[in-house]
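Engineer: Sequence below, structure please.
(chains A, B, C and D)
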Protein chains: 2
Amino acid sequence: MLDVVDVELRHLRALAVIAEEGTFGQAAARLGYTQSSVSQQIAALEKAVGGPVFDRPGGPKPVRITPLGEVVLAHGRGLLRKADALTDAVDRFLAGNGRIDIGTFQGVSTLILPAVIRRLLEEHPGCDIRLSDGTARDARIGELDLLFHDGEVEGDVEHVKLFDEQYFLITGAGTFAAGAVRTKLLDDAPMIGWPLTFHQRWLERTLARAGARPRFVFRTTGHETILSMVRAGIGWAVLPWLALHAHDAWSDDQLGIHPLKPAPTRELSLYWPAGRTESPLALRTREIAVEVARDLAAQM
Amino acid sequence: MLDVVDVELRHLRALAVIAEEGTFGQAAARLGYTQSSVSQQIAALEKAVGGPVFDRPGGPKPVRITPLGEVVLAHGRGLLRKADALTDAVDRFLAGNGRIDIGTFQGVSTLILPAVIRRLLEEHPGCDIRLSDGTARDARIGELDLLFHDGEVEGDVEHVKLFDEQYFLITGAGTFAAGAVRTKLLDDAPMIGWPLTFHQRWLERTLARAGARPRFVFRTTGHETILSMVRAGIGWAVLPWLALHAHDAWSDDQLGIHPLKPAPTRELSLYWPAGRTESPLALRTREIAVEVARDLAAQM
DNA sequence: CAGGTGCATCACGAAAAGCGATGAATTTCG
DNA sequence: CGAAATTCATCGCTTTTCGTGATGCACCTG
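Structural biologist: As a prediction, the model looks like this:
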């Protein structure tokens, strides 16, 4: 007899305003309706809840809420608050302050992602950014909004290429003359690298394909640590341009930096699920990522 | 642009059901609408929130909620829960499990009110009974639903007479021969009574009007205590029939119980505000009070 | 007892909801 | 690769609802 959707938000708002104003007419003025419309709204509400919500004394006396009306009003205010919260949340979402799930892949984007997130938080301080570093073997887009990756991505996705990441040989200063170094020379060379992450595996596979199977004398995480080891003469390293850029390695006269021939190069792309409606925040994040990548690529 | 009442509960319910069922058609079947109607409801919702809430892949694939849809759905479920709570509350209220404010007046109804409340709680274990013992000088109905009182009540009220409360003289056994005692004989007699509550004041005024100004040698609260004092021979007492009934004083051979001539009699009535819609619980409580009073009066 | 106030009701036009049928897009299957 | 199937969107159409303005009715006030 009493259905949930028979009582409408419009009715509850009328109820609340009348309770404040005291008369149907004043409430109608505040709501932008006519008195007769408000009267009918309350009639509809009373039909929906099964009893009168106001006593109408008649004459210039204000109406008075009934016990039933108080029950409805108490809950109705809660409903109206929640409805306001909904519109607020939608407004914030449409303004770009929503939630976004960004995936990366075992350090694929350790250097570009922080820059993207910094800019994102500057623009949208209220947004809810969730990063997940996929440790799974296969790259899946799943529930992600965006995925930084360099390999192929399963599923129905679209992507944009961010830049080509070129790797350089880092040695102690003076080990080689300035200029490119043949990759083959790295074969059996003492080298410092990362533990066998997805990233590192790819690098070693690529080197091997060019005929270089270095001896990894030390594995550690952190580009800065690796650079220190090179400075200490423990071995050489092969690092991407972004790592050198981030640590200002070019101006370090203890280090020698050489392009490799052939140069290990990796294409970093940004993937997102195809055919899904994207959130404004996801769209904006993509723009930012492309901009950041363009800026970085311009300096290479 | 985005108004609170543009999003309707009906739309949110459709959203929630579609999110569960996966297709518009199944949701429509569950909701008792046609597919086309559900489609239009979602279209209206999308117009209200300013963006699509579902991706329609086309073909036999289920629809998929968008990020915006998730925002709306998360809040929408809350709204629907609150709407359910509202209808629950209304149902309970109409079934008689609401709140009721009952007023009494300085012990006027210490004997009938507990019986009424016991029966009320038996019928409606979930109801919220609030008693207020008015210590104010004047009896006002105020925000009360019901008021037990014997005097006049200010304001626009209706009332029903519950019973005539007759007072009896209680003495030690054998003090008087069985039968009525002339009230005048109480003049200057040693007597035990209540402190000067509204109740007691009325009693002493009534006795005085009949020519009896007893010496109150002890004042204490509690009818049982007063009866004990009478048994101990400290003095006499004048108590209403209900007090004697409650403490089974008629079968106490240490006591002598005598009607008074003229008999102090008081009319106890139940008042409620006129012209206000009453809650089902208030109506029922009135019925119960009348029944309880009738049962008691039958035994007098 | 007239005047004023305030809600209810009526009639009407506009808007919206719901329905059935049809169309368009996509997947699936042969 | 084309036919069948599935699913949502759209189009008239009818019914219902909403909002308005005018009017009526009840009640209070002077």
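
Engineer: host element of whichever residue of the stretch 201-300 of chain A sits closest to DNA strand C?
Structural biologist: When scored by Cβ to the nearest atom of the strand, the stretch 201-300 of chain A has residue A:275 as its residue closest to DNA strand C, at 7.7 Å. Yep, even glycine has a C-beta here, placed from its N, CA and C like the rest. For residue A:275, there is no enclosing helix or strand under DSSP states H and E.

Engineer: Do I have it right that it meets residue A:156?
Structural biologist: Yes: using Cβ atoms under 8 Å, residue A:275 is in contact with residue A:156, at 6.4 Å.

Engineer: what are the phi and psi values for the closest residue to residue A:92 other than its chain neighbours?
Structural biologist: Distances taken as Cβ to Cβ, 6 or more residues apart in numbering or on different chains place residue A:126 nearest to residue A:92, at 6.6 Å, with adjacent residues excluded. The phi and psi values for residue A:126, taken as degrees, to the nearest 10, are phi -90, psi 0.

Engineer: can you check residue A:272 too?
Structural biologist: Per-residue torsions, residue A:272: phi -150, psi 160 (degrees, to the nearest 10).

Engineer: Enumerate every residue touching it.
Structural biologist: Residues near residue A:272 by Cβ atoms under 8 Å, 6 or more residues apart in numbering or on different chains: A:141, A:144, A:145, A:146, A:147, A:157, A:158, A:159, A:278, A:282, A:286.

Engineer: ok, now which ones touch the nearest residue to the fourth one once chain neighbours are set aside?
Structural biologist: Sequence neighbours aside, residue A:102 is the residue nearest to residue A:146 in space, at 4.9 Å (criterion: Cβ to Cβ, 6+ apart). Contacts of residue A:102 were listed using Cβ under 8 Å, 6+ apart, and they are A:113, A:129, A:130, A:131, A:132, A:144, A:145, A:146, A:147, A:148, A:285.

Engineer: ok, and for stretch A:14-23, which residues are buried?
Structural biologist: For stretch A:14-23, a neighbour-count test (16 or more other Cβ atoms under 10 Å in any protein chain shown) marks A:14, A:15, A:16, A:17, A:18, A:19, A:21, A:23 as buried.

Engineer: so after the helix or strand bottoming out on mean pLDDT in chain A, what's the next helix or strand?
Structural biologist: Here the helix or strand of chain A ranked lowest by mean pLDDT, DSSP states H and E is helix A:241-246, holding a mean of 87. Scanning forward in sequence from helix A:241-246 by DSSP H and E, the next helix or strand is strand A:255-261.

Engineer: Apart from its neighbours in sequence, what residue is nearest residue A:224?
Structural biologist: Closest residue to residue A:224 apart from its sequence neighbours, by Cβ to Cβ, 6+ apart: residue A:247 at 5.6 Å.

Engineer: so who does that neighbour touch?
Structural biologist: Residues near residue A:247 by Cβ under 8 Å, 6+ apart: A:223, A:224, A:227.

Engineer: same thing but 10 Å
Structural biologist: Counting by Cβ atoms under 10 Å, 6 or more residues apart in numbering or on different chains, residue A:247 touches A:111, A:222, A:223, A:224, A:226, A:227, A:228, A:239, A:255.

Engineer: Which of the residues you listed sits closest to residue B:65?
Structural biologist: residue A:111 (34.0 Å; Cβ to Cβ).

Engineer: Can you verify my assumption that residue A:33 contacts residue A:26?
Structural biologist: No: using Cβ atoms under 10 Å, residue A:33 is not in contact with residue A:26; the gap is 11.4 Å.

Engineer: where do the contact lists of the two overlap?
Structural biologist: Joint contacts of residue A:33 and residue A:26 (Cβ under 10 Å, 6+ apart) are residue A:17.

Engineer: buried set for stretch A:81-92?
Structural biologist: Under the neighbour-count criterion of 16+ other Cβ under 10 Å, stretch A:81-92 has A:82, A:83, A:86, A:87, A:89, A:90, A:92 buried.

Engineer: before we move on, the earlier item: now do the shared contacts for residue A:275 and residue A:156.
Structural biologist: Shared contacts of residue A:275 and residue A:156, defined by Cβ under 10 Å, 6+ apart, are found at residue B:57.

Engineer: Measure how buried residue A:236 is and give me the count.
Structural biologist: 26 (other Cβ atoms under 10 Å in any protein chain shown).

Engineer: now it, nearest residue through space, not along the chain?
Structural biologist: Using Cβ to Cβ, 6+ apart and skipping the chain neighbours, the partner closest in space to residue A:236 is residue A:171 (4.8 Å).

Engineer: now residue A:34
Structural biologist: Nearest one to residue A:34, counting by Cβ to Cβ, 6+ apart, is residue A:28 at 5.8 Å.

Engineer: Residues touching the helix or strand the one you found falls within, excluding its own?
Structural biologist: Per DSSP H and E, residue A:28 falls inside helix A:24-31. By Cβ under 10 Å, 6+ apart, the residues outside helix A:24-31 that reach it are A:10, A:13-21, A:23, A:33-39, A:41-42, A:54, A:56, A:62-63, B:5.

Engineer: at 7 Å instead, please
Structural biologist: Contacting residues not belonging to helix A:24-31 are listed as A:14, A:17, A:18, A:21, A:34, A:35, A:37, A:38, A:39, A:63 [Cβ atoms under 7 Å, 6 or more residues apart in numbering or on different chains].

Engineer: Now do the contacts for the first one.
Structural biologist: Translated: residue A:14. By Cβ under 7 Å, 6+ apart, the residues touching residue A:14 are A:27, A:31, A:38, A:41, A:42.

Engineer: can you narrow these to ones near DNA strand C?
Structural biologist: Near DNA strand C, judged by Cβ under 7 Å from any atom of the strand, the entries from the contacts of residue A:14 are residue A:42.
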